[in-house]
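Undergrad: What follows is a predicted structure for the sequence shown.
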Amino acid sequence: EEAKDYTDRSHFSPRCRRCKICDEEHGLEVEKNCTRTQNTKCRCKSNFFCNVSQCDHCNPCMMCEHGILENCTPTSNTKCKQGVLKKYRNTKNGRRESTVSITESMPMNFTDIDLSKYISSIAE
């Protein structure tokens, strides 16, 4: 049975701690449900990653325009192949000359997240 509050060590407060929320909007999902003696354990959802030990949110894995060097894992972002972009410019004598530059994929913007469900735990 999933608990709403837990106590993982002795303390003098008459109240237990509120269980952690694994917020899907932050790229998280429940790995282990909260019990009376242990807080909820969260992990990154599929196609999300977090590269710090205590994750409060996971970032979406980067999409690669020119192919993947290394797949995204729960702890590291996708590594993308670099692409070649050809640009042309006109020279002084009227001929077109090509220039080559290396491009790299950039992550897309993040959407806004609804934080209203956290108000009660912030107010404690």
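TA: Arrived safely. Numbering: from 1, shown residues only.
Undergrad: Going by C-alpha atoms from here, please, whenever you check contacts or count neighbours.
TA: Will do.
Undergrad: which residues of this protein fall in strands?
TA: 5-6, 17-18, 28-32, 41-44, 48-49, 59-60, 68-70, 79-80, 83-90, 96-103 (DSSP state E).
Undergrad: and H66, how many neighbours?
TA: Per other Cα atoms under 10 Å, the neighbour tally for H66 reads 14.
Undergrad: what comes up buried for stretch 48-62?
TA: Using 16 or more other Cα atoms under 10 Å as the test for burial, stretch 48-62 gives 48-50, 56-62.
Undergrad: ditto for stretch 62-81
TA: 62-64, 72-74, 76-81.
Undergrad: Tell me which two of these sit farthest apart.
TA: Largest separation among the buried residues of stretch 62-81 by Cα to Cα: P74 and K81, giving 19.9 Å.
Undergrad: these two touch, right, K81 and N71?
TA: No: using Cα atoms under 8 Å as the test, K81 is too far from N71 to be in contact (11.2 Å).
Undergrad: remind me which residues of the protein are low pLDDT?
TA: Along the chain, segments meeting pLDDT under 70 span 1-3, 5-6, 8-14, 84-90, 94, 96-113, 121, 123-124.
Undergrad: All set, thanks.
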